[in-house]
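# give the three-dimensional model of this entry:
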Amino acid sequence: MLKSLVPDERQRAERFRFERDRRRFIVAHGVLRDILGRYLKCSPAQVSFSYNQYGKPALAQESEAIGLRFNMSHSHEVALYALTRAREVGVDVELLREDFASLEIAERFFSRSEVALLNSLAPELRTDGFFNCWTRKEAYIKALGEGLSHPLDRFAVSLAPGSQRVF
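Now for the predicted structure:
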């Protein structure tokens, strides 16, 4: 996998303090290059990216003609990839951690309606509700391509399982 990464990706990988995080980065980005290379009919190392002002990657102009859009997320030992044609896409995957799924974090990043809904959930459903909200918000802003410049508390998503609505 490391061989398919370009020098700046290798440098980013080297900045990880822990070997497991470095390995996860290399595998996730190597697999992305492999998937995109198959679509583009080229080697993974030949896939080139451009980045918007917020850092969202896209295929470089020479590959733009096919209209392929992609997004990737990885967390711990799981990676998620999405590809579309001629429309933006965003995905997010997170490890469910009760210690992270706090009302303090929700109050900082979620809209008022999302915080109220989270508070109304039975305690045993709050971690799932929190991460339904968190991953949907993250995927939405990734599809927009604006990163965290788009305030997370300015829009609302559903916390319900199986729902995908953005309000």
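
# those helices in this structure, which residues are they?
In order along the chain, the chain carries the following helices (DSSP state H): 7-14, 19-40, 103-109, 112-120, 126-144.

# any chance of those in JSON lines, plus mean neighbour count?
C-beta coordinates here come from the backbone N, C-alpha and C atoms, glycine included. Formatted as JSON lines, the helices of the chain follow (neighbours: other Cβ atoms under 10 Å):
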{"stretch": "helix 7-14", "mean neighbour count": "12"}
{"stretch": "helix 19-40", "mean neighbour count": "17"}
{"stretch": "helix 103-109", "mean neighbour count": "14"}
{"stretch": "helix 112-120", "mean neighbour count": "15"}
{"stretch": "helix 126-144", "mean neighbour count": "20"}
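
# which stretch among those helices approaches residue 87 most closely?
Shortest distance between residue 87 and the helices of the chain, using Cβ to Cβ, is found for helix 126-144: 8.7 Å.

# coming back round to it: could I get the helices of the chain as TSV with distance to residue 97 and mean pLDDT?
What follows is the helices of the chain, written out as TSV (distance: least, Cβ to Cβ, whole Å; pLDDT from 0 to 100):
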stretch	distance to residue 97	mean pLDDT
helix 7-14	24	93
helix 19-40	16	95
helix 103-109	11	95
helix 112-120	15	95
helix 126-144	8	95
